[in-house]
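> One predicted model, sequence on top.
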Amino acid sequence: MKKLDKKEKMLLVLSLLGFIFSTLLLIVDINTKNNISNSLCNISEYINCDRVASSSYSHIGPIPISLIGMIFYLFIPLYIIFSDHFNVTQKLPLKILSILSIIATIFSVYLFTVSVTKIKALCIFCTATYIVNIILLIYLLPNIRETVKIFSKDNIISFISSGLTSVVIALIGLFIINGILSNKEAQNELIKEYQGSEVYQVNTIFSPYIGSSNPKINIVIYSDLFCPACNDLMNNIERLMKDDKISEVVRVYFKHYPINKECNPSVGYDLHPGSCTASLLGFELMKKGLFWEYEREIRNSPAKDESTVLEIALNFIKDMNIKKIKEDNVKYLNTNILEGKALGINATPTWFINGRKIIGSYSSENIKQLINYILKN
(Lines give C-alpha, C1' and ligand atoms only; values in the text may rest on other atoms or scores of the structure.)
Protein backbone atom coordinates (compact mmCIF):
# COMPACT_ATOMS: atom_id res chain seq x y z
CA MET A 1 0.00 0.00 0.00
CA LYS A 2 1.28 3.45 -0.91
CA LYS A 3 1.97 6.09 1.70
CA LEU A 4 -1.12 8.19 2.49
CA ASP A 5 -1.02 11.84 1.49
CA LYS A 6 -2.24 14.70 3.72
CA LYS A 7 -5.72 14.70 2.20
CA GLU A 8 -6.20 10.99 2.81
CA LYS A 9 -4.86 11.30 6.36
CA MET A 10 -7.37 14.06 7.06
CA LEU A 11 -10.19 11.88 5.73
CA LEU A 12 -9.08 9.03 7.99
CA VAL A 13 -9.09 11.33 11.04
CA LEU A 14 -12.56 12.64 10.22
CA SER A 15 -13.94 9.17 9.55
CA LEU A 16 -12.44 7.93 12.84
CA LEU A 17 -14.13 10.76 14.75
CA GLY A 18 -17.43 10.10 12.99
CA PHE A 19 -17.16 6.37 13.74
CA ILE A 20 -16.48 7.04 17.44
CA PHE A 21 -19.47 9.39 17.76
CA SER A 22 -21.71 6.94 15.86
CA THR A 23 -20.61 4.11 18.16
CA LEU A 24 -21.43 6.24 21.21
CA LEU A 25 -24.82 6.94 19.63
CA LEU A 26 -25.41 3.21 19.19
CA ILE A 27 -24.60 2.69 22.89
CA VAL A 28 -27.13 5.41 23.76
CA ASP A 29 -29.73 3.73 21.52
CA ILE A 30 -29.24 0.30 23.13
CA ASN A 31 -29.22 1.76 26.64
CA THR A 32 -32.43 3.67 25.93
CA LYS A 33 -34.10 0.52 24.65
CA ASN A 34 -33.01 -1.25 27.84
CA ASN A 35 -34.32 1.70 29.90
CA ILE A 36 -30.84 2.69 31.11
CA SER A 37 -30.29 6.42 31.45
CA ASN A 38 -27.40 7.88 29.43
CA SER A 39 -26.43 10.36 32.12
CA LEU A 40 -23.19 11.31 30.33
CA CYS A 41 -25.09 13.15 27.61
CA ASN A 42 -28.26 14.11 29.47
CA ILE A 43 -27.20 17.59 30.52
CA SER A 44 -30.63 19.23 30.65
CA GLU A 45 -34.18 18.81 29.43
CA TYR A 46 -33.16 20.24 26.03
CA ILE A 47 -29.68 18.72 25.67
CA ASN A 48 -30.85 15.19 26.23
CA CYS A 49 -29.73 12.10 24.31
CA ASP A 50 -32.48 9.91 25.80
CA ARG A 51 -35.22 12.08 24.31
CA VAL A 52 -33.64 11.95 20.86
CA ALA A 53 -32.85 8.22 21.01
CA SER A 54 -36.36 7.33 22.20
CA SER A 55 -38.01 9.21 19.32
CA SER A 56 -39.14 7.44 16.15
CA TYR A 57 -36.68 9.57 14.15
CA SER A 58 -33.67 7.73 15.61
CA HIS A 59 -34.40 4.69 13.41
CA ILE A 60 -35.20 3.98 9.80
CA GLY A 61 -37.56 1.07 10.27
CA PRO A 62 -35.75 -1.30 12.65
CA ILE A 63 -32.29 0.06 11.74
CA PRO A 64 -30.68 2.59 14.11
CA ILE A 65 -29.39 5.68 12.30
CA SER A 66 -26.27 5.33 14.44
CA LEU A 67 -25.54 2.00 12.72
CA ILE A 68 -25.90 3.64 9.29
CA GLY A 69 -23.43 6.28 10.49
CA MET A 70 -20.94 3.59 11.53
CA ILE A 71 -21.21 2.02 8.07
CA PHE A 72 -20.66 5.38 6.35
CA TYR A 73 -17.58 6.29 8.40
CA LEU A 74 -16.12 2.80 7.96
CA PHE A 75 -16.72 3.02 4.22
CA ILE A 76 -14.46 6.08 3.81
CA PRO A 77 -11.11 4.50 4.82
CA LEU A 78 -12.03 1.12 3.33
CA TYR A 79 -12.87 2.71 -0.02
CA ILE A 80 -9.52 4.54 -0.03
CA ILE A 81 -7.72 1.25 0.78
CA PHE A 82 -9.57 -0.85 -1.80
CA SER A 83 -9.21 1.86 -4.47
CA ASP A 84 -5.48 1.89 -3.88
CA HIS A 85 -5.36 -1.92 -4.03
CA PHE A 86 -7.22 -2.01 -7.36
CA ASN A 87 -5.15 0.89 -8.75
CA VAL A 88 -8.14 3.24 -9.07
CA THR A 89 -7.05 6.79 -9.80
CA GLN A 90 -6.99 8.90 -6.62
CA LYS A 91 -9.40 11.49 -8.06
CA LEU A 92 -12.21 8.93 -8.44
CA PRO A 93 -12.72 7.88 -4.77
CA LEU A 94 -12.51 11.54 -3.75
CA LYS A 95 -15.27 12.40 -6.24
CA ILE A 96 -17.44 9.52 -4.99
CA LEU A 97 -16.83 10.49 -1.36
CA SER A 98 -17.72 14.10 -2.11
CA ILE A 99 -21.10 12.94 -3.48
CA LEU A 100 -21.69 10.82 -0.39
CA SER A 101 -20.70 13.72 1.86
CA ILE A 102 -23.35 15.91 0.19
CA ILE A 103 -25.99 13.25 0.94
CA ALA A 104 -24.72 12.86 4.51
CA THR A 105 -24.82 16.64 5.10
CA ILE A 106 -28.35 16.97 3.70
CA PHE A 107 -29.45 14.14 5.98
CA SER A 108 -27.68 15.83 8.91
CA VAL A 109 -29.51 19.10 8.26
CA TYR A 110 -32.81 17.18 8.15
CA LEU A 111 -32.10 15.39 11.45
CA PHE A 112 -30.98 18.61 13.12
CA THR A 113 -34.18 20.34 11.98
CA VAL A 114 -36.28 17.45 13.29
CA SER A 115 -34.46 17.59 16.64
CA VAL A 116 -35.13 21.31 17.01
CA THR A 117 -38.71 21.45 15.69
CA LYS A 118 -40.20 18.01 16.42
CA ILE A 119 -38.27 16.36 19.25
CA LYS A 120 -37.32 19.70 20.84
CA ALA A 121 -34.08 18.26 22.15
CA LEU A 122 -30.48 17.95 20.99
CA CYS A 123 -28.09 15.03 21.35
CA ILE A 124 -24.40 15.86 21.85
CA PHE A 125 -23.16 12.87 19.86
CA CYS A 126 -25.67 13.46 17.04
CA THR A 127 -24.55 17.07 16.77
CA ALA A 128 -20.91 15.97 16.71
CA THR A 129 -21.60 13.73 13.69
CA TYR A 130 -23.38 16.63 11.94
CA ILE A 131 -20.26 18.77 12.43
CA VAL A 132 -18.01 15.97 11.12
CA ASN A 133 -20.24 15.65 8.03
CA ILE A 134 -20.10 19.39 7.35
CA ILE A 135 -16.29 19.38 7.63
CA LEU A 136 -16.15 16.38 5.30
CA LEU A 137 -18.32 18.25 2.80
CA ILE A 138 -16.15 21.37 2.93
CA TYR A 139 -13.02 19.25 2.55
CA LEU A 140 -14.31 17.05 -0.28
CA LEU A 141 -16.59 19.40 -2.25
CA PRO A 142 -13.83 20.72 -4.58
CA ASN A 143 -13.46 17.15 -5.92
CA ILE A 144 -17.07 17.03 -7.18
CA ARG A 145 -16.03 18.59 -10.50
CA GLU A 146 -13.43 15.96 -11.31
CA THR A 147 -14.18 14.46 -14.72
CA VAL A 148 -13.35 10.84 -14.11
CA LYS A 149 -14.99 7.63 -15.22
CA ILE A 150 -17.07 6.36 -12.32
CA PHE A 151 -18.28 3.07 -13.77
CA SER A 152 -14.93 1.40 -14.30
CA LYS A 153 -14.56 -2.25 -13.38
CA ASP A 154 -11.88 -1.59 -10.76
CA ASN A 155 -13.91 1.17 -9.12
CA ILE A 156 -17.10 -0.91 -8.96
CA ILE A 157 -15.16 -3.76 -7.35
CA SER A 158 -13.50 -1.47 -4.80
CA PHE A 159 -16.83 0.31 -4.07
CA ILE A 160 -18.78 -2.92 -3.51
CA SER A 161 -15.93 -4.51 -1.54
CA SER A 162 -15.58 -1.56 0.80
CA GLY A 163 -19.37 -1.26 1.17
CA LEU A 164 -19.88 -4.91 2.08
CA THR A 165 -16.88 -4.93 4.41
CA SER A 166 -18.09 -1.83 6.27
CA VAL A 167 -21.58 -3.37 6.68
CA VAL A 168 -20.11 -6.61 8.05
CA ILE A 169 -17.78 -4.80 10.47
CA ALA A 170 -20.61 -2.51 11.67
CA LEU A 171 -22.96 -5.46 12.24
CA ILE A 172 -20.26 -7.33 14.16
CA GLY A 173 -19.77 -4.18 16.24
CA LEU A 174 -23.52 -3.99 16.87
CA PHE A 175 -23.64 -7.57 18.16
CA ILE A 176 -20.56 -7.07 20.33
CA ILE A 177 -21.85 -3.80 21.85
CA ASN A 178 -25.32 -5.24 22.36
CA GLY A 179 -23.80 -8.32 24.00
CA ILE A 180 -21.70 -6.22 26.36
CA LEU A 181 -24.55 -3.90 27.35
CA SER A 182 -27.23 -6.56 27.58
CA ASN A 183 -27.45 -8.80 30.58
CA LYS A 184 -25.76 -12.04 29.58
CA GLU A 185 -27.43 -13.92 32.41
CA ALA A 186 -30.86 -12.38 32.05
CA GLN A 187 -32.66 -15.48 33.27
CA ASN A 188 -30.69 -15.71 36.51
CA GLU A 189 -30.73 -11.93 37.00
CA LEU A 190 -34.50 -11.73 36.50
CA ILE A 191 -35.11 -14.50 38.99
CA LYS A 192 -32.58 -12.95 41.39
CA GLU A 193 -34.31 -9.58 41.06
CA TYR A 194 -37.64 -11.26 41.80
CA GLN A 195 -36.22 -13.11 44.78
CA GLY A 196 -34.55 -10.00 46.17
CA SER A 197 -37.57 -7.73 45.90
CA GLU A 198 -39.93 -7.06 48.77
CA VAL A 199 -43.65 -7.67 48.24
CA TYR A 200 -45.66 -4.53 47.48
CA GLN A 201 -49.39 -3.97 47.67
CA VAL A 202 -50.27 -2.87 44.15
CA ASN A 203 -53.73 -1.49 43.37
CA THR A 204 -55.36 -2.84 40.22
CA ILE A 205 -58.75 -1.10 40.48
CA PHE A 206 -59.85 0.61 37.25
CA SER A 207 -56.91 -0.84 35.29
CA PRO A 208 -57.31 -2.63 31.95
CA TYR A 209 -56.21 -6.24 31.96
CA ILE A 210 -55.86 -9.32 29.78
CA GLY A 211 -55.45 -12.96 30.64
CA SER A 212 -56.78 -15.42 33.15
CA SER A 213 -60.14 -15.06 34.90
CA ASN A 214 -58.65 -16.99 37.82
CA PRO A 215 -54.95 -16.06 37.82
CA LYS A 216 -52.19 -17.67 39.82
CA ILE A 217 -49.82 -14.89 38.71
CA ASN A 218 -50.64 -11.20 38.43
CA ILE A 219 -48.39 -8.87 36.44
CA VAL A 220 -48.98 -5.14 36.91
CA ILE A 221 -47.03 -2.96 34.46
CA TYR A 222 -46.44 0.74 35.09
CA SER A 223 -45.76 2.03 31.60
CA ASP A 224 -45.42 5.09 29.39
CA LEU A 225 -47.16 4.52 26.05
CA PHE A 226 -44.28 6.25 24.22
CA CYS A 227 -41.44 4.46 26.05
CA PRO A 228 -39.34 2.19 23.73
CA ALA A 229 -38.43 -0.23 26.55
CA CYS A 230 -42.11 -0.37 27.56
CA ASN A 231 -43.10 -1.15 23.98
CA ASP A 232 -40.48 -3.88 23.92
CA LEU A 233 -41.84 -5.38 27.15
CA MET A 234 -45.43 -5.19 25.90
CA ASN A 235 -44.44 -6.93 22.67
CA ASN A 236 -42.92 -9.73 24.73
CA ILE A 237 -45.94 -9.90 27.03
CA GLU A 238 -48.27 -10.03 24.02
CA ARG A 239 -46.17 -12.85 22.58
CA LEU A 240 -46.35 -14.71 25.91
CA MET A 241 -50.10 -14.35 26.31
CA LYS A 242 -50.67 -16.11 22.98
CA ASP A 243 -49.54 -19.27 24.79
CA ASP A 244 -52.75 -20.83 26.18
CA LYS A 245 -50.88 -22.38 29.10
CA ILE A 246 -49.60 -18.94 30.11
CA SER A 247 -52.87 -17.04 29.57
CA GLU A 248 -54.72 -19.60 31.73
CA VAL A 249 -52.64 -18.73 34.81
CA VAL A 250 -51.44 -15.14 34.19
CA ARG A 251 -53.31 -11.86 34.25
CA VAL A 252 -51.61 -8.66 33.02
CA TYR A 253 -52.70 -5.20 34.18
CA PHE A 254 -51.67 -1.90 32.59
CA LYS A 255 -51.00 1.19 34.74
CA HIS A 256 -50.23 4.59 33.22
CA TYR A 257 -47.06 6.36 34.32
CA PRO A 258 -46.11 8.98 31.68
CA ILE A 259 -42.54 10.27 31.83
CA ASN A 260 -43.78 13.78 31.14
CA LYS A 261 -43.77 16.53 33.73
CA GLU A 262 -46.91 18.05 32.18
CA CYS A 263 -48.94 15.55 34.21
CA ASN A 264 -46.25 13.80 36.25
CA PRO A 265 -44.26 16.47 38.12
CA SER A 266 -42.36 13.82 40.09
CA VAL A 267 -40.19 13.00 37.03
CA GLY A 268 -39.06 16.61 36.56
CA TYR A 269 -38.52 16.43 32.77
CA ASP A 270 -40.30 15.72 29.49
CA LEU A 271 -38.73 12.57 28.11
CA HIS A 272 -41.91 11.67 26.21
CA PRO A 273 -43.90 14.82 25.34
CA GLY A 274 -47.53 14.03 24.54
CA SER A 275 -47.62 10.84 26.60
CA CYS A 276 -49.98 12.50 29.13
CA THR A 277 -52.58 12.93 26.39
CA ALA A 278 -51.98 9.35 25.27
CA SER A 279 -52.69 8.09 28.80
CA LEU A 280 -55.82 10.20 29.25
CA LEU A 281 -57.19 8.85 25.98
CA GLY A 282 -56.22 5.38 27.18
CA PHE A 283 -58.57 5.68 30.17
CA GLU A 284 -61.39 6.84 27.90
CA LEU A 285 -60.88 3.86 25.58
CA MET A 286 -60.66 1.49 28.55
CA LYS A 287 -64.22 2.55 29.44
CA LYS A 288 -65.25 1.52 25.92
CA GLY A 289 -63.38 -1.81 26.14
CA LEU A 290 -60.93 -0.73 23.44
CA PHE A 291 -57.78 0.02 25.41
CA TRP A 292 -55.67 -2.92 24.24
CA GLU A 293 -56.42 -2.26 20.57
CA TYR A 294 -55.48 1.40 21.13
CA GLU A 295 -52.29 0.47 23.03
CA ARG A 296 -51.24 -1.91 20.26
CA GLU A 297 -51.72 0.74 17.56
CA ILE A 298 -49.56 3.22 19.47
CA ARG A 299 -46.94 0.56 20.13
CA ASN A 300 -46.74 -0.32 16.44
CA SER A 301 -46.76 3.29 15.24
CA PRO A 302 -43.35 4.56 14.01
CA ALA A 303 -44.20 8.09 15.22
CA LYS A 304 -45.01 8.65 18.88
CA ASP A 305 -46.25 12.15 19.52
CA GLU A 306 -49.49 13.86 20.49
CA SER A 307 -50.76 14.45 16.94
CA THR A 308 -50.24 10.77 16.04
CA VAL A 309 -52.06 9.65 19.18
CA LEU A 310 -55.02 11.89 18.36
CA GLU A 311 -55.18 10.39 14.85
CA ILE A 312 -55.12 6.87 16.32
CA ALA A 313 -57.82 7.74 18.87
CA LEU A 314 -60.07 9.00 16.07
CA ASN A 315 -60.21 5.42 14.78
CA PHE A 316 -62.02 4.50 18.01
CA ILE A 317 -63.81 7.74 18.99
CA LYS A 318 -65.48 9.44 16.04
CA ASP A 319 -66.86 12.51 17.80
CA MET A 320 -63.89 13.23 20.02
CA ASN A 321 -63.94 16.13 22.46
CA ILE A 322 -60.37 16.04 23.67
CA LYS A 323 -60.88 18.75 26.29
CA LYS A 324 -63.76 16.86 27.92
CA ILE A 325 -61.89 13.55 27.72
CA LYS A 326 -58.93 15.08 29.57
CA GLU A 327 -61.19 16.63 32.22
CA ASP A 328 -63.10 13.36 32.74
CA ASN A 329 -60.01 11.17 33.08
CA VAL A 330 -57.36 13.31 34.76
CA LYS A 331 -58.41 12.00 38.20
CA TYR A 332 -57.66 8.42 37.12
CA LEU A 333 -54.28 9.37 35.70
CA ASN A 334 -53.38 11.33 38.82
CA THR A 335 -54.27 8.29 40.93
CA ASN A 336 -51.98 6.06 38.84
CA ILE A 337 -49.13 8.57 39.16
CA LEU A 338 -49.54 8.96 42.93
CA GLU A 339 -49.66 5.18 43.35
CA GLY A 340 -46.54 4.81 41.21
CA LYS A 341 -44.73 7.44 43.23
CA ALA A 342 -45.68 5.66 46.48
CA LEU A 343 -44.27 2.43 45.03
CA GLY A 344 -40.95 4.17 44.33
CA ILE A 345 -41.28 4.15 40.55
CA ASN A 346 -38.82 6.47 38.76
CA ALA A 347 -38.41 4.66 35.44
CA THR A 348 -40.54 2.76 32.97
CA PRO A 349 -41.29 0.00 32.55
CA THR A 350 -41.51 -0.95 36.21
CA TRP A 351 -43.65 -4.00 36.74
CA PHE A 352 -44.80 -6.15 39.63
CA ILE A 353 -45.18 -9.89 39.38
CA ASN A 354 -47.19 -11.15 42.34
CA GLY A 355 -46.28 -7.91 44.06
CA ARG A 356 -42.50 -8.15 43.56
CA LYS A 357 -40.91 -5.24 41.70
CA ILE A 358 -39.00 -5.71 38.43
CA ILE A 359 -37.44 -2.81 36.52
CA GLY A 360 -36.83 -2.80 32.77
CA SER A 361 -37.71 -5.00 29.82
CA TYR A 362 -36.90 -8.69 29.55
CA SER A 363 -37.42 -11.16 26.72
CA SER A 364 -40.56 -13.28 26.56
CA GLU A 365 -38.42 -16.36 27.14
CA ASN A 366 -36.91 -14.91 30.32
CA ILE A 367 -40.35 -13.87 31.63
CA LYS A 368 -41.67 -17.33 30.82
CA GLN A 369 -38.82 -18.87 32.78
CA LEU A 370 -39.68 -16.65 35.76
CA ILE A 371 -43.35 -17.62 35.50
CA ASN A 372 -42.40 -21.31 35.52
CA TYR A 373 -40.10 -20.68 38.49
CA ILE A 374 -42.96 -19.04 40.43
CA LEU A 375 -45.40 -21.82 39.57
CA LYS A 376 -42.94 -24.48 40.74
CA ASN A 377 -42.19 -22.66 43.98
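Nice, thanks for sending it over.

> only C-alpha atoms for contact and neighbour calcs from this point on.
Noted.

> I figured Tyr130 hits Tyr110, correct?
No. Tyr130 is not in contact with Tyr110 according to CA atoms under 8 Å; the separation is 10.2 Å.

> buried residues in the helix or strand where Met10 lies?
Here Met10 sits within helix 6-33, counting by DSSP states H and E. Residues 8, 11-12, 14-23, 25-33 are the ones in helix 6-33 that count as buried (16 or more other CA atoms under 10 Å).

> Who are the contact partners of the residue nearest the centre of the chain?
The residue lying closest to the centre of the chain (CA atoms, centre = their mean) is Ser54, at 4.4 Å. Residues in contact with Ser54 (CA atoms under 8 Å, 6 or more residues apart in numbering) are Asp29, Thr32, Lys33, Cys227, Pro228.

> From Ile210, how far off is the first one?
Going from Asp29 to Ile210 by CA to CA, to the nearest Å gives 30 Å.

> so what pLDDT did Thr32 get?
Confidence at Thr32, expressed as pLDDT, is 74.

> That one reaches Arg51, doesn't it?
No. Contact between Thr32 and Arg51 fails when scored by CA under 8 Å: they sit 9.0 Å apart.

> okay, and for the chain, where does confidence drop off?
1-4, 34-40, 147-151, 182-188 (pLDDT under 70).

> what's the strand or helix carrying Leu310 packed up against?
Here Leu310 sits within helix 306-314, counting by DSSP H and E. Contact analysis of helix 306-314 by 3 or more CA pairs under 8 Å, 6 or more residues apart in numbering; DSSP states H and E lists helix 275-287, helix 291-300 as its packing neighbours.

> which helices and strands sit right next to the first one?
For helix 275-287, the contact count by 3+ CA pairs under 8 Å, 6+ apart identifies helix 291-300, helix 306-314, helix 322-342 as packing neighbours.

> Excluding chain neighbours, what is closest to Ala128?
Phe21 (6.8 Å; CA to CA, 6 or more residues apart in numbering).

> can you give me the strands in the stretch 1-150 of the chain?
With DSSP state E, counting those that start in this stretch applied, the stretch 1-150 of the chain shows strands at 59-60, 63-64, listed in chain order.

> Adjacent strands (with direction) for the first one?
When sheet partners are counted by DSSP bridges, strand 59-60 sits next to strand 63-64 (antiparallel).

> Centre of the chain to the partner strand, how far?
Taking the mean of its C-alpha atoms, strand 63-64 sits 9 Å from the chain's own mean (CA atoms, centre = their mean, to the nearest Å).

> So what touches it?
Contacts with strand 63-64, where a contact means CA under 8 Å, 6+ apart, come from Leu26, Asp29, Ser58.

> cutoff 7 Å now
Strand 63-64 has contacts (CA atoms under 7 Å, 6 or more residues apart in numbering) with Ser58.

> Thr117: neighbour count?
Neighbour count for Thr117, taken as other CA atoms under 10 Å: 10.

> Check the secondary structure at Asp232 for me.
Using DSSP: H, G, I helix; E, B strand; the rest coil, the structure places Asp232 in helix.

> Give me the distance between it and Leu122.
Counting by CA to CA, the gap from Asp232 to Leu122 is 24 Å.

> Comparing these two, which shows the higher neighbour count?
Leu122 (23 against 20).

> quick one: contacts for that one?
Leu122 neighbours (CA under 7 Å, 6+ apart): Tyr46, Ile47, Asn48, Cys49, Val52, Ser115, Val116.

> I'd say the fifth one and Lys120 touch.
What it means is Val52. No. The pair Val52 / Lys120 is not scored as a contact, 8.6 Å apart, by CA atoms under 7 Å.

> For the two, indicate the residue with more neighbours.
Val52 (26 against 17).

> List the contacts of that one.
Ser58, Ile119, Ala121, Leu122, Cys123.

> Which of those residues lies at the shortest distance from Leu290?
Distance to Leu290 across these (CA to CA) is lowest for Ile119, with 28.7 Å.

> Count the neighbours of that closest one for me.
By other CA under 10 Å, 23 other residues sit near Ile119.

> Okay, domains of this structure per the record?
Domain assignment for the chain by automatic domain parsing gives 6-181, 186-376.

> Now find how far off-centre the shortest one is within its chain.
Spelled out, that is domain 6-181. That offset, for domain 6-181, works out to 18 Å (CA atoms, centre = their mean).

> Please report how far Leu140 lies from Asn354.
Taking CA to CA, one finds Leu140 at 61 Å from Asn354.

> Neighbour count: those two, which is higher?
More crowded of Leu140 and Asn354, by other CA under 10 Å: Leu140, with 21 against 17.
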